[in-house]
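Asks: Build me a structure from this.
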Amino acid sequence: MSSLTTLARPYAKAAFGLAHDAGALGPWQDMLGLAADIATHPEVDAVLRNPLVAPGEGVKLVADAGGERFDDRFRAFLDVLGGNRRLTLLPEIATAYQRFKQDAEKRLRVKVISAMPMNDEQSSRMRDALARRFDCDVELDTEIDSGILAGAVIYAGDQVIDGSLRGRLGRLSQNLGS
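Replies: Numbering: from 1, shown residues only. Have a look, this model is predicted:
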């Protein structure tokens, strides 16, 4: 786990708490996504990382760019981030917030990389099997990578399930080499 994720998690949890109390989980996700996009713009990022720029200036820059799309509670959240010089963590905070939101909604976005395209029946069976395993609704994002040879690699939250032929051959090679 990266140190940025570790630093971002408490802020994401706080944002989730504020959003949950206000009944505004979706709008907060949108505001965090927009703020993350603003913070990663090269010119804005340079200002936010500059130690000579006062924290309030960074907050003002992000808040002004968000305009009326940011409500007062979100602006106060930005003030806290700016005061702690954590505005550069906005992308990681947005990602962690999304996980908290998905957990609360018992929803999981899963990335499936397969060697060949899956038809509708295969996608449906994969979605159902993952929903049973994780006890939640599953949204599938699929990608094709012929380099995995056969099977699939599944990224579900913090878990990776490697059912690819390339992965199996790699594990076999590692076991035979030891």
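
Asks: can we go C-alpha only for contacts and neighbour counts from here?
Replies: OK.

Asks: ranges for the helices of the chain?
Replies: Along the chain, counting by DSSP state H, helices occupy 3-22, 25-39, 42-49, 55-66, 72-83, 90-104, 120-134, 165-177.

Asks: for the fifth one, the distance to its chain's centre please.
Replies: For helix 72-83, the distance between its averaged C-alpha position and the chain's averaged C-alpha position is 20 Å (CA atoms, centre = their mean, to the nearest Å).

Asks: What residues of that helix count as buried?
Replies: For helix 72-83, burial by neighbour count (16 or more other CA atoms under 10 Å) applies to 74-75, 77-82.

Asks: Name the nearest residue to residue 78, sequence neighbours excluded.
Replies: Distances taken as CA to CA, 6 or more residues apart in numbering put residue 59 closest to residue 78, at 6.1 Å, once the chain neighbours are dropped.

Asks: list the contacts for the one you found?
Replies: Neighbouring residues of residue 59 by CA atoms under 8 Å, 6 or more residues apart in numbering: 78-79, 82, 87.

Asks: redo that, cut-off 7 Å
Replies: 78-79, 82 (CA atoms under 7 Å, 6 or more residues apart in numbering).

Asks: Tell me the one among the residues you listed nearest to residue 122.
Replies: Of all the contacts of residue 59, residue 122 sits closest to residue 78, with 43.7 Å by CA to CA.

Asks: do you know how far that closest one is from residue 101?
Replies: From residue 78 over to residue 101 the distance is 19 Å, taken as CA to CA, to the nearest Å.

Asks: for residue 122, same thing?
Replies: From residue 122 to residue 101 the distance is 28 Å (CA to CA).

Asks: ok, these two, which is more surrounded?
Replies: Higher neighbour count among residue 122 and residue 101: residue 101, with 20 against 11, using other CA atoms under 10 Å.

Asks: where's that one relative to residue 26, distance?
Replies: To residue 26, residue 101 is 9 Å away according to CA to CA.

Asks: Next: residue 35.
Replies: Distance of residue 35 to residue 26, given as CA to CA: 14 Å.
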